[in-house]
Each structure stands twice: as C-alpha cells, then as structure tokens.
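1. sequence unavailable; structure follows:
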C-alpha cells in the first residue's frame, strides 16, 4: 500500500489543518483507492508564535499609496479588487446614481425586488454557495439591509444588478475563506459557476455577461485595497505573522521540524510519496537532500519556494550550483502561473524535476491557497504515485 505523507505550508494551525488534510485525502483517494494518507502537522509544535503577545507590532498609523490599476483584460484583477472590498462595485454604482425622486403611485422602489430575493436566498442557508465555503446566508442578510443597495439599484439597469450583487456575495464568501487559518480557496471555474447560479437566483435573465460592471471593479482596485490595508494594518499583521514567522523560524531553527519528518517517515513501509505545500515543500526538500530515505519514491511540491531559495543561496540543505544528490527521489513540482510564491526547478535541476502548471484562475494571493480544490492537481499527483 502506498503511503502519502501530506505536509502543510505556512500559517496553518488547528482546526484548519484537519480540514485541509481531510480535503486533500478526499481529493486524492477519489481517484485512487487503497492509499494510506499520513498527515504531518508541524505547525502546532514547530510553528512561530508571538512570544510577547505582539509587542513588536506597530500601531495603525500612516497612509499608503495603492497599486497601479491592473490589466483590464485579466478578470482576476476584478476579483482581487472585490476580495479586498466586496462592496466596491455597489459603492461605485451608488456614486453614479441620480438624486432620489418621488415614485409614481403604485410603483415599487427599484431595490425592493432584489432585497426580497436576497432575503429568500438567505433563507436557503449556505447551501447555494457550499462549493465556495460558509457565510452566504449572513452575506445575503447583510447585503439585503445595506444602504448602498438602494442607490446602486437606482443607477443600474435591472438586468445588470443581479450580476453585480452575486459577485459581491461571492467575494464576501471567498474573503471569509481567505481569513481562515487554512484557506481552501476554490478555483476560478467553481467561483464563476457559483456566481452565475447566485445571479440567476437573484433574477439575472440568463447566464450573465459582465456588461459594464467590470470597469467599476477595475477602477476601484488600487484605492479599495489600499484603504483596506491602512484601515486593518495591525489586524492584518497579526493575522499574517504565523505565515511570515513560520518561514523565518524554519530558516533559522529548522532541524526540529526536519527531525520530526524523518521520524514519521522511518515508521512507514515503502513505497512512500510526500505531497507538500509552500513551506512544507522546503521542509521536505531539505529533509530528502540531507539524508537518504529510500522508502520515499516521490516528492510532490505545490506552490513551493524551494527552487528560488536554492538559486538565491538561501536553501539550508544545498547551495547553488551543487546538484541534487543521487539518492533524491523523483520530484514533481506543481505551480500556478498566478501564484507569486510558486517557482520552477527544471532549469536548475535538469532531468531531476518536472514542473507542471495548474491554473486555478484565481488572483494572488488566493492562487497560493487554491491548489487543493483544483481537480488537475489531484490528477497529476495520482498519475505519478508509485
């Protein structure tokens, strides 16, 4: 029986790790039965903590300039803006509305229908967006009562409004996933399918086109993200510190986590495959370089910085241009073209590593957390398992 050791990346803690490992196990065993999935949870014992309760963190002061507007042809830029501020399109639409006018007798306010549909959607719970994550019901309830909705409804064509509202709901759900301790971000195809389903439930006449709303999101991309960072600076630092701290702690005191992995592997019968995400890939890479572990026949890394650390002279176990040792196993390296934390190894280790692109259609940083909801990732893993 092949044993598959799953190693998480930076910032992952319980209970998020159990959910993450469970999702990986379900994804890989659905394509191949008879596997033994062995999680390696290093975050609890070896992960970084703020020992003085965050005394080193600065207060939320100052301002920052937003990034330049992204390429209008890349819909990932639209979602990046909406993840930063799910109400961005509503605010821009509301800003363009005319002053409120008295309605003719018997006519309905333009927002009444969409508010009723949001209430009906909220009554269904989180199920209509279960492929993305929880929070749909709460998002729909909040949006139904939001003051921006009336002005946005007055400014937009009634056929455009459901698409805009559906994207706001989707962005709120995904933003909640990104805030979790082990985000399982859906790939873009899943996100788009759920958004279209929500739009139709809200009254969209057909599977929607973006019409003119795309430009609204792109116009707000820089300013909304910048304001969000300034407004939440300390909270963002506190949320991000386990990830950044894990990297620094590993590079300075990594032997303990490698020793834990060696002990785990020593108790497994061959053949063994290691599947590792982000920093987990560096941990596995160093462990396999430093000592022969013949039971391990395959290393799979996803979104790993190992090749970059090697080329920059920062990998603890091997300094460029030294080659991988002869005992190192077969290596499959999966990367998302939009994941800025995924790197290539083929040209650094000719004949020793295979790089394969897997596109989640998510913007960065969501792309870095979307590997384990991407069916292509599991297909590539299973194709190479011993």
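-> Received, thanks. Fair warning: this is a prediction, and the values are worked out from it, not measured in the lab.

2. can you give me the strands for the stretch 151-300 of the chain?
-> For the stretch 151-300 of the chain, strands defined by DSSP state E, counting those that start in this stretch occupy the ranges 272-277, 296-302.

3. format the ones you listed as TSV; extra columns: mean pLDDT.
-> TSV is the format used below for the strands of the stretch 151-300 of the chain (pLDDT from 0 to 100):
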stretch	mean pLDDT
strand 272-277	98
strand 296-302	98
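
4. now render those as a markdown table, adding mean neighbour count and distance to residue 340.
-> All C-beta atoms are positioned from the backbone trio N, CA, C, and that covers glycine. What follows is the strands of the stretch 151-300 of the chain, written out as a markdown table (neighbours: other Cβ atoms under 10 Å; distance: least, Cβ to Cβ, whole Å):
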| stretch | mean neighbour count | distance to residue 340 |
| --- | --- | --- |
| strand 272-277 | 26 | 15 |
| strand 296-302 | 24 | 14 |
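
5. could these be laid out in CSV, adding distance to residue 351?
-> CSV is the format used below for the strands of the stretch 151-300 of the chain (distance: least, Cβ to Cβ, whole Å):
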stretch, distance to residue 351
strand 272-277, 20
strand 296-302, 15
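
6. which one of these lies nearest to residue 262?
-> strand 296-302 (10.4 Å; Cβ to Cβ).

7. could you say what helices and strands that closest one packs with?
-> strand 272-277, helix 279-290, strand 330-335, helix 375-384 (3 or more Cβ pairs under 8 Å, 6 or more residues apart in numbering; DSSP states H and E).

8. may I see the buried residues of the second one?
-> Right, helix 279-290. 279-289 (16 or more other Cβ atoms under 10 Å).

9. how about the last one?
-> If you call a residue buried by 16+ other Cβ under 10 Å, then helix 375-384 has these buried ones: 377-378, 380-382, 384.

10. again with stretch 298-315
-> 298-311, 315.

11. for residue 7, which non-adjacent residue is spatially closest?
-> residue 280 (3.5 Å; Cβ to Cβ, 6 or more residues apart in numbering).

12. how much space between the residue nearest to residue 290 when sequence neighbours are not counted and residue 300?
-> The spatially closest residue to residue 290, leaving aside those adjacent along the chain, is residue 317, at 5.0 Å (Cβ to Cβ, 6+ apart). Going from residue 317 to residue 300 by Cβ to Cβ, to the nearest Å gives 18 Å.

13. one more: residue 113?
-> Taken as Cβ to Cβ, the span from residue 113 to residue 300 is 50 Å.

14. related to what we said a few turns ago, possible to save the helices and strands packed on strand 296-302 as CSV with distance to residue 354?
-> Formatted as CSV, the helices and strands packed on strand 296-302 follow (distance: least, Cβ to Cβ, whole Å):
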stretch, distance to residue 354
strand 272-277, 14
helix 279-290, 14
strand 330-335, 5
helix 375-384, 8
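
15. indicate which one of these is closest to residue 250.
-> Across these, closest to residue 250 is helix 279-290 (Cβ to Cβ), at 6.2 Å.

16. please work out how many residues are found near residue 158.
-> As a burial measure, residue 158 scores 13 neighbours (other Cβ atoms under 10 Å).

17. nearest residue to it in space, please, no chain neighbours.
-> Distances taken as Cβ to Cβ, 6+ apart place residue 110 nearest to residue 158, at 7.2 Å, with adjacent residues excluded.

18. let's see the pLDDT reported for the one you found.
-> Looking at residue 110, its pLDDT is 70.

19. mean confidence (pLDDT) on the helix or strand that contains residue 81, please.
-> According to DSSP states H and E, residue 81 maps onto helix 75-84. For helix 75-84, mean pLDDT is 84.
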